[in-house]
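In: need coordinates for the following:
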Amino acid sequence: MQKTTPYLTEELQRSLKELARRTGRPDAAIVRDALAAYLQHQVRPQPRSIGAGEDTELAARDSAAWLRERWQRR
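Out: Now for the predicted structure:
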C-alpha cells in the first residue's frame, strides 16, 4: 500500500472521525472503502478512434458497416 494524504473539509473530517468512532474502524479503512466504491461506478470513456489518426467523417462504431459496404462493390 502507498500513503496518500487527502485534504478534507472540517465537516468531512468530523464525519469521518465520528464514523470511525461508531464503527471501531480506522479512518484509512473507511476512506479506502469509500474510494473503491466510488471508482467502481465510474464509466471509462470509449476510444473515439482506433488507428493512426482520427477520422472526422467515420466513427469507429460505424467502420464495420462502412467496410462491408465498400468491399461488396468489388
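In: do you know how far the residue minimising distance to the centre of the chain is from Leu8?
Out: Nearest to the mean C-alpha position of the chain, counting by CA atoms, centre = their mean, stands Gln42 at 3.9 Å. Distance of Gln42 to Leu8, given as CB to CB, to the nearest Å: 20 Å. No exception for glycine: its C-beta is placed from N, CA and C like everyone else's.
In: same question for Leu19.
Out: 13 Å.
In: show me where the protein has its helices.
Out: 10-23, 27-40, 63-72 (DSSP state H).
In: for Thr4, find the nearest of those helices.
Out: Relative to Thr4, the nearest member of the helices of the chain by CB to CB is helix 27-40, separated by 8.8 Å.
In: how about JSON lines for the helices of the chain, with mean neighbour count added?
Out: Below are those laid out as JSON lines (neighbours: other CB atoms under 10 Å):
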{"stretch": "helix 10-23", "mean neighbour count": "11"}
{"stretch": "helix 27-40", "mean neighbour count": "11"}
{"stretch": "helix 63-72", "mean neighbour count": "10"}
